[in-house]
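Trainee: coords below, sequence missing:
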């Protein structure tokens, strides 16, 4: 099937009549268009006023807005402290006994899967007698 440029839309469309493959339609070069200039206004780049800043220092803003992040609740702060404590326990086991059970179950399933792959490769490699 042959294609040609539509004079109406300027896009490639199916040819309405058969064209000879020896004489294809010449493509039209695209015109260069300058990219739009980015303009920054001072309203979008303004910072939080001193009255809304917390006592600990200036607060970070939600990206793209002039709104500061809300304060972190006490329960989240306790969780952060528990997971960031230096006690030589991997982070995937710091959640409690359920994390240990899930970790061991995952490792057991990985070993069973590797044994299954090994068995499959062995059964295909060694002919049956």
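Mentor: Arrived safely. Everything numeric here is computed off the predicted structure, so don't read it as measured data.

Trainee: all contacts plus neighbour counts: C-alpha atoms, from now on.
Mentor: Fine.

Trainee: Starting from the one helix or strand residue 79 maps to, tell me the next helix or strand along the chain.
Mentor: Take DSSP states H and E as the rule and residue 79 turns out to sit in helix 74-84. Once the chain leaves helix 74-84, the next helix or strand it forms, by DSSP H and E, is helix 97-125.

Trainee: Now the helix holding residue 79: buried residues?
Mentor: residue 83 (16 or more other CA atoms under 10 Å).

Trainee: Please enumerate residues in contact with it?
Mentor: By CA atoms under 8 Å, 6 or more residues apart in numbering, the residues outside helix 74-84 that reach it are 91, 94.

Trainee: Quick one: distance of that helix to the chain centre.
Mentor: 26 Å (CA atoms, centre = their mean, to the nearest Å).

Trainee: Ok, stretch 122-129 next?
Mentor: 44 Å.

Trainee: tell me which residues in it are buried?
Mentor: Residues of stretch 122-129 include none that count as buried (16+ other CA under 10 Å).

Trainee: for that stretch, what is the average pLDDT?
Mentor: For stretch 122-129, mean pLDDT is 90.

Trainee: Give me the residues contacting stretch 99-116.
Mentor: With CA under 8 Å, 6+ apart as the criterion, stretch 99-116 contacts 92, 93.

Trainee: can you start the count at 7 instead of 1 from here on
Mentor: Got it, the first residue is 7 from now on, which makes the last one we talked about stretch 105-122.

Trainee: low-scoring pLDDT stretches of the chain, where are they?
Mentor: 7, 22-33, 47-64 (pLDDT under 70).

Trainee: Look at the most centrally placed residue in it and tell me its secondary structure.
Mentor: The residue lying closest to the centre of the chain (CA atoms, centre = their mean) is residue 69, at 17.5 Å. Of the three states, residue 69 takes coil according to DSSP: H, G, I helix; E, B strand; the rest coil.
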